[in-house]
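> from the sequence below, what's the structure:
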Amino acid sequence: MMNYCELTASITAVANGLACHLSNDELSLLAATLVQLGDTLTTIVTRRTICENMAAADRQAER
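Predicted coordinates for the structure are as follows:
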């Protein structure tokens, strides 16, 4: 697994590579799409965590 420096450097390299090959409109749409993807993944993982915590609390209460 990459450390945080390697991860951010890699993301920057990908962003720069994309910026060199996409128009402003394409880049703007890609950025908006990736923001939506990130927000949706955050919603999913938050909901999963809440459900898992509730299930664990229920199991604990049954003991």
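> okay, CA-based contacts and neighbour counts for the rest of this
Fine.
> check the chain and tell me which residue is nearest its centre.
Gly38 (3.9 Å; Cα atoms, centre = their mean).
> mind giving me the packing neighbours of the helix or strand hosting it?
Gly38 is part of helix 24-62 when elements are defined by DSSP states H and E. For helix 24-62, there is no helix or strand it packs on, judged by 3 or more Cα pairs under 8 Å, 6 or more residues apart in numbering; DSSP states H and E.
> roughly how far apart are the residue nearest to the centre of the chain and Ala56?
According to Cα to Cα, to the nearest Å, Gly38 and Ala56 sit 27 Å apart.
> low-scoring stretches of the chain, by residue?
Along the chain, no part satisfies pLDDT under 70.
> same thing but 90
1, 63 (pLDDT under 90).
> helix or strand: which one has Ala19?
Per DSSP H and E: helix 4-21 holds Ala19.
> and Ile44, how far from Leu37?
Distance from Ile44 to Leu37, by Cα to Cα: 11 Å.
> next one: Asn16
20 Å.
> repeat for His21
22 Å.
> circling back: buried ones in the helix holding Gly38?
Leu27 (16 or more other Cα atoms under 10 Å).
> that one relative to helix 4-21, how many degrees between them?
150 degrees (axes from the mean of the first three to the mean of the last three Cα atoms, to 10 degrees).
> starting at the chain centroid, how far to helix 24-62?
8 Å (Cα atoms, centre = their mean, to the nearest Å).
> do stretch 21-38 as well
15 Å.
> next one: stretch 9-21
With Cα atoms, centre = their mean, you get 17 Å for stretch 9-21.
> list of residues touching it?
The contact list for stretch 9-21 (Cα atoms under 8 Å, 6 or more residues apart in numbering) reads Leu27.
> 10 Å instead, please
Here stretch 9-21 makes contact (Cα atoms under 10 Å, 6 or more residues apart in numbering) with 2, 4, 6-8, 26-28, 30-31.
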